[in-house]
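*Asks:* 3D model of this:
(chains A and B)
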Amino acid sequence: MDYLKLSELLFPDVTATPEDMESRYPERNLPEGAKVTRIAPSPTGFFHFGGLFPATVAERLAHQSGGVFYLRIEDTDSKREVEGAAEFITKILSYYGLDFDEGVTADGDKGDYGPYTQSKRVDIYHVYAKKLVRDGVAYPVFSTDEELDELKALDKKAEIKSVNWEQDAEARREAMTARRQFTMEQVEAELAAGHKFALFARADGDPEKKIKITDLVKGPLEIPENDEDVVLLKSDGIPTYHFAHVIDDHLMRTTHVIRGEEWLPSLSKHIMLFRYLGFKLPKYMHIAQLMRLDENGNKKKLSKRDMGANLDDYRKMGYSVPAVNEYVMTLLNSNYEEWHMQNPDRSWRDFPFSIKKMSASGCLFDTEKLNDVSKNVISKMTAKEVYDGVTEYAKEEDNLFYMTLTAKPEYAQRILSIGRGGAKPRKDFATWADVKPYMAFFYDRYFVREDKMPEDKDKADIVAALTKFIETYDEQDDQTAWFEKCKDIAEQIGYARETKLYKKEPEKYKGHVGDVASFIRIAVTGRQNSPDLYEVIKILGTDRTVQRIKDCIEHIK
RNA sequence: GGCCCGUUGGUCAAGCGGUCAAGACGCUAGCCUCUCACGCUGGAAACGGGAGUUCGAUUCUCCCACGGGUCACCA
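*Replies:* Numbering: from 1, shown residues only, chains lettered A, B, ... in the order given. Sure, this is the predicted structure:
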């Protein structure tokens, strides 16, 4: 077979050579040890929560080493592509603070190694496709849709465990080899008839032989050589992932390919293609998948349809950006939490991320842990930061609350200041959505009497306590003076001044000062639980406090 | 079914031949406290199984079991 002739027949319009490509995309001039990484999502309009893991690793590794982190859009599957998806991806990644040095941005491509969208790189792929045909490694397959369907059926059969498994696999293998057979005349005839072809790379591996390769997170690997022909170009001329990966990551000079471990089984294909093309193999890092529990209690890969799989949902649920980032870090690097405890005020970006500390096994997504991380993150924020976070969230999710907050920003921030800023801050919020129920009673619009006065206490005592409180309340009192008055009231209605006194001799009293505080709290906030009552009343103001207590007394009567 | 990856408490995990097998989340007892939220002091809870190598295996090797992934002109 005259492969040169075949290559001209198949790719008559391709004039550029691999050498041209090499000079157009020269090796990067970077300091020793600098890593070039990338994230390469498909524009499906959906960004997987798990996608944050390789993305974060890639970003850290590049930026920690003075390298380059870029975004490439892998839009080689037109069937799955969604309008505006690329823009959505750049938006959500920048929302989570993953900043690119190169790649697709809202204002077009940035960087010298573009285009960064695969559909715009078809000419480049064809240069190498032609070379592989010329080298006798790649061959065309002209298939009708029906033939394709038949083959697909065989694939399906070969996959399913059945008694005839061996035969099914054999039938498939035969069909594959048959596709390799053709004559120049046949190709010319097909082409003349205007038929499209897919381009395959002939596999030369022996699965009995193993390739030794070290994955930076999985460790030393032994994988069988590839003996399955690889689709390079689909019949529309667009490359498959395999071909695009090899060419793009070589030309864009990626040093570390960071991707999910679901790619491990096709690694031998990629290694083969790198060899065919004469490219240097990059370092690989296959990251373990994020799992969920299925109904049988088994771990399953967190897939698109699962709860919590959509990264954008976390924003909608009200999780703050740093909380999500930190949670990802805790799972990615086992010593992150330890470091964070020693450096409580430093950003996760300051953490010396290490490949060695990455786990080789997949972990279960844990909402409890996320919430804990999140509570800690928010508890360290200033009232202003919390206010900003909540208002931004409410603007999207709860317009009335947004209006309520922004009508009196200082008031909202005073509320959010309670118990904040000290060494042991309150940890009330895991999400921005938790804020509204916490502070709702401060707003007449949302105030409701959720909790009733305790049944076991005498109504007359409650009314007496509340009445006395109104009579003696003085907004000039400091906290100690204020609480002394509560104790006085307790004493006057036959309650113990101190909780301890009551606990010592419960039969001597009808209750204790804590009960008095509880009456006031329920009257003022409508709930049994609230933050510091003294602070609450101060913020609420004397008039509203008195009014609420009076209303409450009416209620009781 | 083939191939590949994985296996320390419920979860995330430290460990890298000799440890009473860290820590965090969750659970729990108690303390602190005007309630809540914190905080503090405790507690329960783990090396999948079997062979080897070794004076000694959670740690090394092999086998098994279990779990996961993958087997497209999808990525």
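
*Asks:* count of residues packed around the nearest residue to A:His286 once chain neighbours are set aside?
*Replies:* Closest residue to A:His286 apart from its sequence neighbours, by Cβ to Cβ, 6 or more residues apart in numbering: A:Glu261 at 4.3 Å. All C-beta atoms are positioned from the backbone trio N, CA, C, and that covers glycine. Applying other Cβ atoms under 10 Å, we find 18 residues neighbouring A:Glu261.

*Asks:* quick one: A:Glu261 and A:Leu290 touch, right?
*Replies:* No: if you go by Cβ atoms under 8 Å, A:Glu261 and A:Leu290 don't touch, sitting 10.8 Å apart.

*Asks:* what is the least confident helix or strand in chain A?
*Replies:* Using mean pLDDT, DSSP states H and E, the weakest-scoring helix or strand in chain A turns out to be helix A:145-159, at a mean of 68.

*Asks:* so who does A:Tyr314 touch?
*Replies:* Residues near A:Tyr314 by Cβ atoms under 8 Å, 6 or more residues apart in numbering: A:Phe49, A:Gly308, A:Val324.

*Asks:* quick one: contacts for the first one?
*Replies:* Contacts here follow Cβ under 8 Å, 6+ apart; on that basis A:Phe49 touches A:Leu290, A:Leu302, A:Gly308, A:Ala309, A:Asn310, A:Leu311, A:Asp313, A:Tyr314, A:Phe365.

*Asks:* count the residues that sit near the fourth one.
*Replies:* A:Ala309 is flanked by 20 other residues according to other Cβ under 10 Å.

*Asks:* surely it meets A:His48?
*Replies:* Yes: with contact defined as Cβ under 8 Å, A:Ala309 counts as touching A:His48 (5.8 Å).

*Asks:* break down the stretch 151-300 of chain A into its helices, ranges please.
*Replies:* Under the criterion DSSP state H, counting those that start in this stretch, helices of the stretch 151-300 of chain A are mapped to A:165-178, A:184-192, A:241-251, A:267-277.

*Asks:* what is the orientation angle of the third one with helix A:267-277?
*Replies:* Taking axes from the mean of the first three to the mean of the last three Cα atoms, to 10 degrees, helix A:241-251 and helix A:267-277 form an angle of 50 degrees between their directions.

*Asks:* same for helix A:241-251, what does it pack against?
*Replies:* If contacts are counted by 3 or more Cβ pairs under 8 Å, 6 or more residues apart in numbering; DSSP states H and E, helix A:241-251 sits against helix A:122-134, strand A:230-233, helix A:267-277.

*Asks:* helix A:241-251 and the longest one, what's the angle between them?
*Replies:* It stands for helix A:122-134. 100 degrees.

*Asks:* what's helix A:122-134 in contact with?
*Replies:* Contacts for helix A:122-134 (Cβ under 8 Å, 6+ apart): A:3-4, A:6-7, A:10-11, A:13-14, A:16-18, A:20-21, A:138-140, A:199, A:201, A:232-233, A:237-239, A:243-244, A:247, A:251, A:276-277.

*Asks:* spell out which parts of the stretch 401-550 of chain A neighbour RNA strand B.
*Replies:* A:419, A:424-428, A:479, A:483, A:499, A:513-514, A:517-518, A:521, A:528-534 (Cβ under 7 Å from any atom of the strand).

*Asks:* which ones among those lie within helices?
*Replies:* A:Gln479, A:Phe483, A:Thr499, A:Val513, A:Gly514, A:Ala517, A:Ser518, A:Arg521, A:Leu533, A:Tyr534 (DSSP state H).

*Asks:* now do the strands in chain A.
*Replies:* Along chain A, the segments classed as strands by DSSP state E run A:36-39, A:68-71, A:102-105, A:108-110, A:138-141, A:198-201, A:210-215, A:219-224, A:230-233, A:256-260, A:283-287, A:290-293, A:299-301, A:363-364.

*Asks:* JSON lines for those, including mean neighbour count?
*Replies:* Putting the strands of chain A into JSON lines (neighbours: other Cβ atoms under 10 Å) gives the following:
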{"stretch": "strand A:36-39", "mean neighbour count": "26"}
{"stretch": "strand A:68-71", "mean neighbour count": "25"}
{"stretch": "strand A:102-105", "mean neighbour count": "21"}
{"stretch": "strand A:108-110", "mean neighbour count": "14"}
{"stretch": "strand A:138-141", "mean neighbour count": "23"}
{"stretch": "strand A:198-201", "mean neighbour count": "23"}
{"stretch": "strand A:210-215", "mean neighbour count": "14"}
{"stretch": "strand A:219-224", "mean neighbour count": "12"}
{"stretch": "strand A:230-233", "mean neighbour count": "23"}
{"stretch": "strand A:256-260", "mean neighbour count": "22"}
{"stretch": "strand A:283-287", "mean neighbour count": "21"}
{"stretch": "strand A:290-293", "mean neighbour count": "17"}
{"stretch": "strand A:299-301", "mean neighbour count": "15"}
{"stretch": "strand A:363-364", "mean neighbour count": "14"}
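
*Asks:* export those strands as CSV, with columns for mean pLDDT.
*Replies:* Formatted as CSV, the strands of chain A follow (pLDDT from 0 to 100):
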stretch, mean pLDDT
strand A:36-39, 97
strand A:68-71, 97
strand A:102-105, 93
strand A:108-110, 91
strand A:138-141, 95
strand A:198-201, 96
strand A:210-215, 92
strand A:219-224, 91
strand A:230-233, 96
strand A:256-260, 96
strand A:283-287, 96
strand A:290-293, 86
strand A:299-301, 82
strand A:363-364, 92
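
*Asks:* to A:Pro454, which of these lies closest?
*Replies:* Distance to A:Pro454, taken as Cβ to Cβ, is lowest for strand A:290-293 among the strands of chain A, at 40.9 Å.

*Asks:* using CSV, write out every CA atom in the closest one.
*Replies:* Provided in CSV are the C-alpha atoms of strand A:290-293 (Å, rounded to 0.1, in the frame of the first residue of the first chain):
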residue,chain,number,x,y,z
LEU,A,290,-16.0,11.2,44.6
MET,A,291,-18.6,8.6,45.7
ARG,A,292,-22.0,8.5,47.1
LEU,A,293,-23.9,5.8,48.9
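
*Asks:* what sits up against that strand?
*Replies:* A:49-50, A:53, A:299-302, A:306-308, A:331, A:362-365.

*Asks:* of the contacts of helix A:122-134, list those near RNA strand B.
*Replies:* Checking the contacts of helix A:122-134 against RNA strand B by Cβ under 7 Å from any atom of the strand, the ones in range are A:Ile238.

*Asks:* please, a PyMOL command that selects the buried ones among the contacts of helix A:122-134?
*Replies:* Typed into PyMOL, the line below selects the buried ones among those, using 16 or more other Cβ atoms under 10 Å:
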select buried, chain A and resi 6+7+10+11+14+18+21+138+139+140+199+201+232+233+238+239+243+244+247+251+276+277
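
*Asks:* and chain A, what are its domain boundaries?
*Replies:* A:3-15+A:122-287, A:383-442, A:459-556 (automatic domain parsing).

*Asks:* and the ones you listed, which one is worst for confidence?
*Replies:* Ranked by mean pLDDT, the domains of chain A bottom out at domain A:3-15+A:122-287, with a mean of 90.
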